[in-house]
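K.L.:
Quick one: sequence and predicted model below, then my questions.
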Amino acid sequence: GGEAGGDEEKDAPEENNEWVVVPKKKLTKAAIARAEAEKEAAKEPAAKADDAAGASADAAADEPEVPTIDLGKFLPVVIGKGGVTIKGIQEMTSARLKIKDKSTVCSFFGDADAVANAMEAVQSIIDAQQAQLDSIVEEIVEVGDKIPAVIGKKGANIKKIDELSGADLKVNKPENTITISGDAAQVARAKELIELYMAGGPPPDCREEVELGSERGRYIVLGEKGTTIRKIQEETGAKLTMERGKTFVVVEGDDEQVAAAVAQLDELLDVHAFTERVEANGHIAAIIGKQGVTIKGIREKTGAAVDLIGDMVKLTGTQEAVTAAKALVEKIIADEAAGPWAKLKPGEICEEMQLGDAVGMVIGRQGTMIRTIKDDSGADLDISREGSGEGSSLCRVFGKPECVEKAKAAIAEILERHTQMKERRAKYEKEQAAKKAAKEGEGEGEGEGSEDDEAE
């Protein structure tokens, strides 16, 4: 048993540390034949391709070389807008011109004369363009803080300089410079125009003065913070100038710009010329208000002009503004005619007091007393002269009941003081009159005694 085990260990294979070689499988005759057929089939296209390449080379050698011109940077000029230039050359010479995509090389086809003529035409265009490039002058102009004036609104001025001079202009805002490119004459003209605009601009083609009629007309054309006049200038391209104290606006620009601006001004002034008049019926003071507060409020709320002519209120503006202002004026007049009751709020009352000749004391110096009563009581006071008698005044006190009572008490106290003052004055005057009469009586008595003595 032990020996058998020993033999098994001896015969056991060693570790597989070597590559195992697999013998090639022998091809069958059919497989060999198929492989040879495939090789022969692959040789045929290659041979045909070689033959074709040889034939093409022979043909190319036999064909004449196609004339070409490299157009380079002048390609767009030779083609022309919409191809009009190159088509014109073809029609004129009967040659055919071809330019491949993404190429600047132009090929010429046709008979010898046609090709020669076409090439000459193309070359003349290139030569002319090159001569123009050779004559180009470039100059940089420093404009400083005048660059907005040179550019103009929406670039209007710089465009005009470009059109009038024919030069190419490039603006460098950070450095406040303008680069001018063109021939010598174009550059000189452009520089001249730039300097004119730096100095305020060239003289306008057209100038007109539009009469505004009044200071209000100035306000209408200017608009709030100048918005209206700027809008007209932007829309028409015209320049509008108004001098302080003048009632007309100067319009400058070319004929078309001036005509458009004048038309807008006329329409604007016409729209704001709607007028109505309202009878104040003696209530002008109420329409004006304290220190002009009421009339100023009407103007600001409606945008209408409010002018006072005698007992008449003249309203001017747009129809909408005048209608709104008229409603406010008529309400003031109606409230004044109705008296303070028209001003009463819910829960308020109105009571009357006759001030007589104490009205001055109730009002006080420069209105100080009546303001004190209003501030202390919270009531409102309205004093009006009534009756034909001198010193006859009616005071209406209105507000909350407790406020009215407090104001009445303050007024009553003033009236009482006034009565006491009158009584003291009357008493004093009576005493003075008695003294004077007594003195005069004594004098007369002395006079009579002297006369008796003289008679004796």
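P.N.:
Arrived safely, thanks for sending. Numbers count the residues shown, from 1 in each chain.
K.L.:
ok, which stretches of the stretch 301-450 of the chain are strands?
P.N.:
In the stretch 301-450 of the chain, the segments counted as strands under DSSP state E, counting those that start in this stretch are 305-309, 312-317, 349-354, 380-385, 393-399.
K.L.:
Output those as CSV; include the columns mean neighbour count and distance to residue 120.
P.N.:
(Glycine included, C-beta is placed from N, CA and C.) As requested, these are exported to CSV (neighbours: other CB atoms under 10 Å; distance: least, CB to CB, whole Å):
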stretch, mean neighbour count, distance to residue 120
strand 305-309, 16, 77
strand 312-317, 20, 75
strand 349-354, 16, 108
strand 380-385, 16, 103
strand 393-399, 21, 106
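K.L.:
Mind checking those for the one nearest to residue 415?
P.N.:
Proximity of the strands of the stretch 301-450 of the chain to residue 415 was assessed by CB to CB; the nearest stretch is strand 349-354, lying at 7.9 Å.
K.L.:
what's the angle between that closest one and strand 393-399?
P.N.:
Interaxial angle, strand 349-354 versus strand 393-399 (axes from the mean of the first three to the mean of the last three CA atoms, to 10 degrees): 160 degrees.
K.L.:
and strand 349-354, average pLDDT?
P.N.:
Looking at strand 349-354 alone, the average pLDDT works out to 89.
K.L.:
what's the answer for stretch 300-318, then?
P.N.:
On average, the pLDDT along stretch 300-318 is 90.
K.L.:
which residues sit against that stretch?
P.N.:
Applying CB atoms under 8 Å, 6 or more residues apart in numbering, the set of residues contacting stretch 300-318 from outside is 216, 271-282, 284, 287-288, 295, 298-299, 321-322, 324-326, 328-329.
K.L.:
Which of the residues you listed fall within strands?
P.N.:
When strands are assigned by DSSP state E, the members of the contacts of stretch 300-318 inside them are 274, 275, 276, 277, 278, 279.
K.L.:
The last one pairs with what?
P.N.:
This means residue 279. Following DSSP bridges, residue 279 is listed with bridge partners residue 312.
K.L.:
which residues sit in contact with it?
P.N.:
The neighbours of residue 279, taking CB under 8 Å, 6+ apart as the test, are 311, 312, 313.
K.L.:
From residue 314, how far out is it?
P.N.:
Residue 279 sits at a distance of 11 Å from residue 314 (criterion: CB to CB, to the nearest Å).
K.L.:
Next: the fourth one.
P.N.:
Counting by CB to CB, the gap from residue 277 to residue 314 is 5 Å.
K.L.:
With residue 80 instead?
P.N.:
Counting by CB to CB, the gap between residue 80 and residue 314 amounts to 68 Å.
K.L.:
likewise residue 365?
P.N.:
Distance check for residue 365 against residue 314: by CB to CB, it reads 36 Å.
K.L.:
Please apply the same query to residue 104.
P.N.:
As defined by CB to CB, residue 104 lies at a distance of 78 Å from residue 314.
K.L.:
Show me what the top helix by length along the chain is packed against.
P.N.:
As far as residue count goes, and with DSSP state H defining each element, the longest helix of the chain is helix 401-455. Taking 3 or more CB pairs under 8 Å, 6 or more residues apart in numbering; DSSP states H and E as contact, the helices and strands that helix 401-455 lies on are strand 349-354, helix 359-363, helix 368-377, strand 393-399.
K.L.:
just checking, what packs against the shortest one?
P.N.:
Judged by 3+ CB pairs under 8 Å, 6+ apart, the packing partners of helix 359-363 are helix 368-377, strand 380-385, strand 393-399, helix 401-455.
K.L.:
buried sites along it?
P.N.:
Buried residues in helix 359-363, counting neighbours by 16 or more other CB atoms under 10 Å, are found at 359, 361, 362, 363.
K.L.:
Flag the shaky bits of the stretch 1-150 of the chain, pLDDT-wise.
P.N.:
Segments of the stretch 1-150 of the chain classed as low confidence (criterion: pLDDT under 70) are 1-63.
K.L.:
the strands in it, which residues?
P.N.:
With DSSP E, counting those that start in this stretch applied, the stretch 1-150 of the chain shows strands at 68-70, 96-99, 105-109, 137-142, listed in chain order.
K.L.:
Make a markdown table from those and add distance to residue 198 and mean neighbour count to it.
P.N.:
Shown next, in a markdown table, are these (distance: least, CB to CB, whole Å; neighbours: other CB atoms under 10 Å):
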| stretch | distance to residue 198 | mean neighbour count |
| --- | --- | --- |
| strand 68-70 | 44 | 14 |
| strand 96-99 | 46 | 16 |
| strand 105-109 | 46 | 17 |
| strand 137-142 | 9 | 13 |
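K.L.:
would you turn these into TSV with distance to residue 124?
P.N.:
Compiled in TSV, the strands of the stretch 1-150 of the chain are given as follows (distance: least, CB to CB, whole Å):
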stretch	distance to residue 124
strand 68-70	11
strand 96-99	14
strand 105-109	14
strand 137-142	24
